[in-house]
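S.K.: fold the following, please.
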Amino acid sequence: MSPLTITPLDAATGPVLEIIGELDYSNASELREQVAALTLRPGQRLVLDLAGMEFCDSSGITALLAARTHAHAAKADIALAAVPAHTLRVLGIVGLDQIFSLYPDRDTATRP
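M.R.: Residues are numbered from 1 along each chain as shown. Next up, the predicted model:
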C-alpha cells in the first residue's frame, strides 16, 4: 500500500493538486478536505494531476466527484490530468468520463 501524498501547486488557470499513491477508503477524506479548503474563483480551473496515482477505489471516485461539486459551486471548472488507464477504464464504465474534462498531462490541463 502506497501512502497518499497531495501536493498543492499553482498554475495560471488556478490551483493544481498533484495526487500520488493510493486514493482509497482509508484516505479519500484527505482529498475532500484539501479541496474543501481551496478558495476557487469563477472561471478558474482546478486540476487534479493523477499521474502518480497508483490505485483508486469507489471512495476515491466519490472524492473526485466531491471536488467537481466544490468547483462547480464556485463557478469554476475542474479537470483530471494524466488519469491512469485503470482509473480511466472505471470512469468510462460508469460514465464519469463524460462529466470530467480529461487531459493527457498537467501542462495541457493548465493551458489558459
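S.K.: and the helices in this protein?
M.R.: Assigned by DSSP state H, the helices in the chain fall at 28-37, 58-73, 85-94, 106-109.
S.K.: any chance of those helices in CSV, plus distance to Ala51 and mean neighbour count?
M.R.: C-betas here are computed from N, CA, C, even on glycine. Shown next, in CSV, are the helices of the chain (distance: least, CB to CB, whole Å; neighbours: other CB atoms under 10 Å):
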stretch, distance to Ala51, mean neighbour count
helix 28-37, 15, 16
helix 58-73, 15, 18
helix 85-94, 11, 14
helix 106-109, 7, 17
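S.K.: tell me, what residue is most central in this protein?
M.R.: With distances taken as CA atoms, centre = their mean, the chain has Leu48 as the residue nearest its mean C-alpha position (3.1 Å).
S.K.: that older thread, to Leu9, which of the helices of the chain lies closest?
M.R.: Ranking these by proximity to Leu9 (CB to CB) places helix 106-109 first, at 8.3 Å.
S.K.: so what secondary structure elements neighbour the closest one?
M.R.: When contacts are defined as 3 or more CB pairs under 8 Å, 6 or more residues apart in numbering; DSSP states H and E, helix 106-109 packs onto strand 14-23, strand 45-56, strand 77-81.
S.K.: quick one: closest of those to Ala63.
M.R.: Judged by CB to CB, the one of those that comes nearest to Ala63 is strand 14-23, at 6.6 Å.
S.K.: extract the C-alpha set from that closest one and format it as PDB.
M.R.: Listed next in PDB are the C-alpha coordinates belonging to strand 14-23 (Å, rounded to 0.1, in the frame of the first residue of the first chain):
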ATOM      1  CA  GLY A  14      -5.900  28.000 -11.000                       C
ATOM      2  CA  PRO A  15      -4.900  25.500  -8.300                       C
ATOM      3  CA  VAL A  16      -3.400  22.100  -9.100                       C
ATOM      4  CA  LEU A  17      -3.400  19.200  -6.700                       C
ATOM      5  CA  GLU A  18      -0.800  16.500  -7.500                       C
ATOM      6  CA  ILE A  19      -2.100  13.200  -6.200                       C
ATOM      7  CA  ILE A  20       0.500  10.500  -5.600                       C
ATOM      8  CA  GLY A  21      -0.100   7.000  -4.200                       C
ATOM      9  CA  GLU A  22      -3.400   5.200  -3.500                       C
ATOM     10  CA  LEU A  23      -6.600   7.100  -3.200                       C
END
